[in-house]
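Asker: I would like to see how this sequence folds:
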Amino acid sequence: MTLRVDLWDNEGKTAYAEYKDFSLGIPQSNYELRVGRYSGTAGDAIRDPSSDLVSGPDRYDGQNGYGFSTSDRDNDSCGSDCTEIKRRLPESRSGVYMIHPAASRIPFKVYCEMGADGGWTVIQKRTGAAVSFEQNWASYEHGFGHLTWDHWLGLNKIRWLTQSKRMTLRVDLWDHERKTAYAEYKDFNLGIPESHYEIHVGRYSGTAGDAIRDPNPYDGQNGLGFSTSDRDNDNCDLCIFEFDIAFHKCTDIYGGGWWFSGCGSANLNGPYPHTSMKRSPYWKTWKGFHLLTATRMMIKSE
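Answerer: Numbering: from 1, shown residues only. Presented below is the predicted three-dimensional model:
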């Protein structure tokens with residue numbers, strides 16, 4: 001179906017909006033609204049393009065994917081995370097949603113990956129070089145990119161999510177041969193800002209190898225704080241890179257922002273593609289330091 005909306009104002013002027021693939025969900029989903037491609041002269045009010053920006057306004061004006069509300073049936077609240085949304089509304093499809101974790105003072109937007117195993121909140125996604133991950137501390141703390149595309153959700157938002165519930169972290173990896181691997185960690189959480197959002201993960205499962213909990217103290221990153229080019233919290237006082245290049249900060253060689261040790265078995269936020277002096281995104285226990293063409297990090301409440 002195509003939906004057409006015709007509008008008239010008090011001056012006799014008119015405008016219209018058309019949406020392809022218009023549909024309503026089942027009653028149990030509160031007849032959630034779904035629309036596809038927009039065309040017209042009135043503007044795309046239902047899908048609100050500004051809602052895609054990670055660093056955009058906290059108010060979410062988009063209505064695509066939401067249930068119908070009346071004075072006696074409030075369906076405008078979407079839950080504390082994507083897992084809760086999927087549990088409450090099983091027919092929910094992947095897309096941008098507003099959530100409000102208990103630990104957060106305000107609601108914020110996230111991309112929910114909805115599957116047969118529940119709803120996952122995407123905290124990192126990379127598919128290429130269009131969105132630069134060479135960002136400073138403030139950007140990594142608050143988030144950047146586009147929720148429906150490549151982005152980093154933000155350390156503060158990730159922490160709010162992990163403070164409210166027990167979380168499982170899933171890391172999905174792709175290489176240039178289209179091979180895939182994954183790593184899952186139970187009990188994922190981030191520490192307080194004063195600890196530089198140190199990462200903590202529990203039991204590992206998967207096919208990519210346990211890069212974060214590597215038993216080698218030089219490579220293991222569990223319990224380490226987050227570092228960026230302007231905020232050095234790694235364990236590298238004087239480290240040696242290949243060809244005997246000495247450096248003092250992991251971000252000098254590995255780029256981006258990550259929970260570096262000295263410097264560690266993983267960094268999914270390095271420059272893309274590989275530069276002459278900085279490593280591209282890698283997960284050492286799967287492909288060594290070979291280029292990963294795409295990565296995604298998601299969390300799901302238990």
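Asker: which residues does the closest residue to S94 other than its chain neighbours contact?
Answerer: Computed as CB to CB, 6 or more residues apart in numbering, the closest residue to S94 that is not its neighbour in sequence is M114, at 4.8 Å. Where C-beta positions appear, they are placed from N, C-alpha and C, glycine not excepted. Shown in contact with M114 (CB atoms under 8 Å, 6 or more residues apart in numbering): C82, K86, S92, R93, S94, G95, W120.
Asker: Next: H176.
Answerer: L291, T293.
Asker: Helices along this protein, start to end?
Answerer: Ranges of helices within the chain are 82-88, 137-142, 155-164, 250-254, 284-287, based on DSSP state H.
Asker: Looking at the ones you listed, spot the one closest to T148.
Answerer: Proximity to T148, assessed across the helices of the chain by CB to CB, is greatest for helix 82-88 (14.1 Å).
Asker: and the nearest residue to S23 once chain neighbours are set aside, how far is that from Q63?
Answerer: Spatial nearest neighbour of S23, chain neighbours left out: R34 (4.8 Å); criterion: CB to CB, 6+ apart. The gap separating R34 from Q63 is 10 Å, by CB to CB, to the nearest Å.
Asker: Which residue of the two possesses the greater neighbour count?
Answerer: R34 (19 against 15; other CB atoms under 10 Å).
Asker: ok, W137 touching R231?
Answerer: Yes - between W137 and R231 there is a contact under CB atoms under 8 Å: 4.1 Å.
Asker: count of residues packed around the closest residue to Y38 other than its chain neighbours?
Answerer: Excluding its sequence neighbours, the residue lying closest to Y38 (CB to CB, 6+ apart) is D44, at 4.2 Å. Look at D44: counted by other CB under 10 Å, it has 17 neighbours.
Asker: before we move on, what about the one 3 residues further on?
Answerer: Applying other CB under 10 Å, we find 22 other residues in the vicinity of R47.
Asker: Could you do N233 as well?
Answerer: By other CB under 10 Å, 18 other residues sit near N233.
Asker: now do T168
Answerer: Residue neighbour count, defined by other CB under 10 Å, stands at 21 for T168.
Asker: residue ranges with poor pLDDT in the chain?
Answerer: The chain contains residues with pLDDT under 70 at 49-52, 55-62, 74-78, 217-218, 235, 237-248, 273-278.
Asker: residue closest to the middle of it?
Answerer: For the chain, the residue lying nearest the average C-alpha position, counting by CA atoms, centre = their mean, turns out to be I123 (2.2 Å).
Asker: Now intersect the contacts of M114 with the strands, please.
Answerer: Judged by DSSP state E, strands contain the following of the contacts of M114: G95, W120.
Asker: Check the contacts of M114 for burial and list the buried ones.
Answerer: In those, burial by neighbour count holds for C82, K86, S92, S94, G95, W120, counting by 16 or more other CB atoms under 10 Å.
Asker: distance of the fourth one from T148?
Answerer: The spacing between S94 and T148, counted by CB to CB, is 9 Å.
Asker: Now do the shared contacts for those two.
Answerer: Listed as contacting both S94 and T148 by CB under 8 Å, 6+ apart are Y111.
Asker: Out of the helices of the chain, indicate the one that is most buried.
Answerer: Most buried of these, by mean neighbour count (mean count of other CB atoms under 10 Å): helix 250-254, with a mean of 23.
Asker: residue ranges of the strands in the stretch 51-200 of the chain, please?
Answerer: 95-99, 108-115, 118-126, 144-145, 151-152, 167-175, 180-190, 199-200 (DSSP state E, counting those that start in this stretch).
Asker: any idea which of the ones you listed is most buried?
Answerer: A comparison of the strands of the stretch 51-200 of the chain by mean neighbour count, using mean count of other CB under 10 Å, puts strand 151-152 on top with a mean of 26.
Asker: who does that strand touch, helix- and strand-wise?
Answerer: Applying 3 or more CB pairs under 8 Å, 6 or more residues apart in numbering; DSSP states H and E, one finds that strand 151-152 makes contact with strand 118-126, strand 144-145.
Asker: Quick one: list the elements packing against the shortest one.
Answerer: This points to strand 144-145. strand 151-152.
Asker: contacting residues around the strand it packs on?
Answerer: Strand 151-152 is contacted from outside by 54, 111, 122-125, 131, 133, 135, 139-140, 143-145, 269, using CB under 8 Å, 6+ apart.
Asker: how about the strands of the stretch 201-302 of the chain, start to end?
Answerer: Remark: strands assigned in the stretch 201-302 of the chain by DSSP E, counting those that start in this stretch are 204-206, 239-241, 245-247, 266-267, 282-283, 292-301.
Asker: Many thanks, I have nothing further to ask.
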